[in-house]
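Visitor: One predicted model, sequence on top.
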Amino acid sequence: METAEKTITSLEALCINTVRVLAADAVQKADSGHPGTAMALAPLGYLLWSKIMNYNPQDPNWPNRDRFILSAGHACMLQYSYLYLTGYDLTLNDIKKFRQLHSKTPGHPEYGLLDGIEATTGPLGQGFANGVGMGIAQKWLADRYNKPGFDLFDYSIYVICSDGDIMEGISSEAASVAGNLQLGNLIYIYDDNHITIEGNTAITFNEDVGARFQAYGWHVQVLPDGNDLGAMEDALKKAKAETGKPSLIKLRTHIAYGSPNKVDSASAHGSPLGEDEVRLVKKFFGFDPDQSFVVPENVISFYRTAGKAGIEKEKLWNNLFNQYREKYPVEANEFVSTSNGKLPSGWKEKIPVFSGSEKMATRKASGKVLNAIADQIPFLIGGSADLSPSTDTILNKYESFSAENRDGRNFHFGIREHSMGAILNGIALTKGFIPYGATFLIFSDYMRPPMRLAAISKIKPIYVFTHDSIGLGEDGTTHQPIEQLAGLRSVPNMTVIRPADANETAQAWRVALEHNGGPVAIVLTRQGLPIIDQEKYSKATGLEKGAYILSDSEKDPEVILIGTGSEVNLLLKAQEKLKDKSVQARVVSMPSWELFEKQDAAYKELVFPKKIRKRLSVEAASTFGWLKYTTEDGKSLGINRFGESAPGEEIFKEFGFTVENIVSLVEYL
């Protein structure tokens, strides 16, 4: 504590220390939170919001603003303080409601709840990888729209990350991607405070982080003092000037700086300092210990002036964009329209309609749909976790995004599902983009944290999950998804679609692209499936309602057969067999529970009349959740154990997914 400011000697020090005391007060009032990191990083925050970043509180969505992500989301009082001080739509009263019901200031930052929050963070490492996605999006925008004399998109992405972020495996995945892509627009500040919940980081963590990031291809600077404003400002400017590599500034700080008894202690990480200690903090920084939530007039005036500087910066950018619009009207109008969430005209007419007697895997159909519509929707970009040949997600006419080629639309995430999910979120958080990412359904488990955050944030990455059942065959139990569909369906705001054939797959893409309010998972087969006759049966456009009567009985139905994906074709065959036995069966294709639940009561009654309680669901996955649709008088044919290693047709037979077994089950209803 020898270097601490024991008295207020300048406006600069007062501006910094006000944030430290504000953080301590807010956490103490809430009796919950993480005061220490916000106190330690207040000098860095001062520099970012008063001298370094381009932003405008009056227009938080200004397209060329710098992005700021607090990956160390537990330190959110740092961000809330600066958003309030610089003039965002946040009051001191909101700060006082920190962590309280229905406040704008929850315990970790949440996108959409408060202007200035660019990403929902909390689970450590997620914000780190979100920043990589935002960096990709900026490079893509710049390549598409920037012209000589018109640098429309030259913003940077600033990320504060903690020891915990650096430890989580996702940061290694994402850092490797960023280094490979040479994302020089990334400026990450690693808060090296040596403290986690259990104590000093040395108990588990003694690697050379700087050397590790240099090995990833990052530009690394090491600063020994988190209070040295001059050194930090110089390092931030050097990072900005380094355009060929992502930058990491390893900043040594002291958690709870200014707290005589809790500085450099684990207790300052996740708990209030305590009333007595907060009083000591205030005394240390020259504040009145008997007053709380004090923001001196000259401090608020200083920060509001800093915030207003962004108004002029945006005016200059708007003037530049207006000149750009005159010279490049097509590009300008495309950007405006796309960033407002509008899809270009004509794309739906390009969606293919499939016919013929040859079987087609729904993953193959998905690839054909993607390539049919790619020209019409330029912001539809994506790739896979090293599985593009297997997931059919390559856009054939387009190149790959790389360090040398920023306009590529095919992305190679490597064998990194976890970071792929979070990078997709970062791209999706940049207005206009519709990113997709593909892997096998079984590996969706590796993506659960970023998928959950996408659902919380109500943003729309599209997940293409192939190899959707035991039908993938010989790879065996480790690769055969059983519980994954039930798990995905359990996520609020997640829309899961498992199409029955090529035409339902085409409609799944239409619905996914038009959907708003959360991510969409399209679940596809490896094995070939018959193409359902669009003339003989109901058209696949019924998919948009989640469930529809694919084939009805000639007379009033006695039983309803409900299926998804590859099992629907079995139901159509079983319906014919039951007809021969004078059993009237209705076949309902139910590709999406979530879409069906959005329909009105009349439609639900039309598909599933309450009086018909004999129902059988057939899905090659866990039966969890099907009772809602089968009723207690019905049954579910599914799989509630792990699979086997054998050819797909043999496994389906082994688990009872045959026409004969379906007919038998119906007869015993």
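Guide: Looks like it came in fine.
Visitor: CA only for contacts and neighbour counts going forward, please
Guide: Noted.
Visitor: how about residue 394, what does it touch?
Guide: 367, 383, 388, 410 (CA atoms under 8 Å, 6 or more residues apart in numbering).
Visitor: Sitting in strands, which of those residues do you find?
Guide: Using DSSP state E, the subset of the contacts of residue 394 located in strands is 383, 410.
Visitor: can I get the contacts of residue 394 in CSV with pLDDT, distance to residue 465 and neighbour count?
Guide: Listed next are these as CSV, based on pLDDT from 0 to 100; distance: CA to CA, whole Å; neighbours: other CA atoms under 10 Å:
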residue, pLDDT, distance to residue 465, neighbour count
367, 98, 12, 20
383, 98, 12, 29
388, 97, 11, 19
410, 98, 17, 23
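Visitor: Among the contacts of residue 394, which one lies nearest to residue 434?
Guide: residue 383 (11.8 Å; CA to CA).
Visitor: correct me, but that closest one touches residue 438?
Guide: Yes - Residue 383 lies in contact with residue 438 (CA atoms under 8 Å); the separation is 6.2 Å.
Visitor: and for those two, which residues touch both?
Guide: Common neighbours of residue 383 and residue 438 (criterion: CA under 8 Å, 6+ apart): residue 393.
Visitor: what about stretch 203-211, start to end distance?
Guide: Stretch 203-211 has its terminal residues 20 Å apart, counting by CA to CA, to the nearest Å.
Visitor: Could you point out which residue ranges in the stretch 451-600 of the chain have low pLDDT?
Guide: Counting by pLDDT under 70, the stretch 451-600 of the chain shows no low-confidence range.
Visitor: Next: the stretch 251-400 of the chain.
Guide: Scanning the stretch 251-400 of the chain for pLDDT under 70 picks out nothing.
Visitor: can you pull out the strands in it?
Guide: Per DSSP state E, counting those that start in this stretch, the stretch 251-400 of the chain carries strands over the ranges 360-361, 380-384.
Visitor: who are the neighbours in contact with residue 666?
Guide: Residue 666 neighbours (CA under 8 Å, 6+ apart): 559, 616.
Visitor: so which helix or strand takes in it?
Guide: In the assignment (DSSP states H and E), residue 666 maps to helix 659-667.
Visitor: name the element residue 138 belongs to?
Guide: Using DSSP H and E, residue 138 sits within helix 126-145.
Visitor: Now do that helix: which elements does it pack against?
Guide: Packed against helix 126-145, as judged by 3 or more CA pairs under 8 Å, 6 or more residues apart in numbering; DSSP states H and E, are the following elements: strand 67-70, strand 157-162, helix 169-181, strand 186-192, helix 417-428.
Visitor: And the average pLDDT for it is what?
Guide: The pLDDT scores in helix 126-145 average 98.
Visitor: hang on, the earlier thing: in the contacts of residue 394, find the pair that's most separated.
Guide: Farthest pair in the contacts of residue 394, by CA to CA: 367 and 410, 12.7 Å.
Visitor: Double-check that residue 511 belongs to a helix.
Guide: Yes - Residue 511 forms part of a helix when assessed by DSSP: H, G, I helix; E, B strand; the rest coil.
Visitor: Touching, it and residue 544? I think so.
Guide: Yes - the pair residue 511 and residue 544 qualifies as a contact (CA under 8 Å) at a distance of 6.2 Å.
Visitor: circling back: so which of the strands of the stretch 251-400 of the chain is the most packed in?
Guide: Ranked by mean neighbour count, the strands of the stretch 251-400 of the chain are led by strand 380-384 with a mean of 26 (mean count of other CA atoms under 10 Å).
Visitor: and it, which strands flank it?
Guide: Take DSSP bridges as the rule and strand 380-384 pairs in its sheet with strand 410-412 (parallel), strand 434-440 (parallel).
Visitor: How far away from the center of its chain is the first one?
Guide: Distance, stretch centre to chain centre, for strand 410-412: 17 Å (CA atoms, centre = their mean, to the nearest Å).
Visitor: Stretch 345-355 too?
Guide: How far stretch 345-355 lies from its chain's middle: 28 Å, per CA atoms, centre = their mean.
Visitor: what do you get for stretch 638-648?
Guide: Offset of stretch 638-648 from its chain centre (CA atoms, centre = their mean): 31 Å.
Visitor: Now that stretch: average pLDDT?
Guide: Stretch 638-648 carries an average pLDDT of 96.
Visitor: one step back: got CSV for the helices and strands packed on helix 126-145, with distance to residue 27 too?
Guide: Output for the helices and strands packed on helix 126-145, formatted as CSV (distance: least, CA to CA, whole Å):
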stretch, distance to residue 27
strand 67-70, 17
strand 157-162, 19
helix 169-181, 28
strand 186-192, 20
helix 417-428, 29
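Visitor: Minimum distance to residue 603: which of these has it?
Guide: Within those, the stretch nearest residue 603 is helix 417-428; the backing value is 32.8 Å (CA to CA).
Visitor: Residues contacting stretch 19-27, please?
Guide: 33-36, 38-40, 42, 77-78, 81-82, 95-98, 271-273, 278, 281-282, 292-294.
Visitor: about what we covered before: now for residue 367 and residue 410: what residues contact both?
Guide: Common neighbours of residue 367 and residue 410, counting by CA under 8 Å, 6+ apart, are 394, 395.
Visitor: Out of the helices and strands packed on helix 126-145, flag the one nearest residue 616.
Guide: The nearest among the helices and strands packed on helix 126-145, by CA to CA, is helix 417-428 at 34.9 Å.
Visitor: buried ones in that closest one?
Guide: 417, 418, 419, 420, 421, 422, 423, 424, 425, 426, 427, 428 (16 or more other CA atoms under 10 Å).
Visitor: what angle separates it from helix 126-145?
Guide: Counting by axes from the mean of the first three to the mean of the last three CA atoms, to 10 degrees, helix 417-428 lies at 50 degrees to helix 126-145.
Visitor: Sort out which residues of the helix ranked longest in the chain are buried, please.
Guide: For the chain, the helix reaching the highest residue count under DSSP state H is reported as helix 297-327. Neighbour counts over helix 297-327 (16+ other CA under 10 Å) mark 299-300, 302-304, 306-311, 314, 317-318, 321, 324 as buried.
Visitor: Counting by contacts, list what it packs against.
Guide: Helix 297-327 packs on helix 11-30, helix 76-86, helix 329-339, going by 3+ CA pairs under 8 Å, 6+ apart.
Visitor: Please name the residues that touch residue 74.
Guide: Contacts for residue 74 (CA under 8 Å, 6+ apart) come out as 33, 34, 107, 108, 122.
Visitor: swap that for residue 307, sorry
Guide: Contacts of residue 307 were listed using CA under 8 Å, 6+ apart, and they are 49, 50, 55, 56, 57, 86, 87.
Visitor: Of those, just say which sits nearest to residue 649.
Guide: residue 55 (58.3 Å).
Visitor: So what are the structural domains in the chain, by residue number?
Guide: According to automatic domain parsing, the chain comprises the domains 45-254, 348-529, 543-667.
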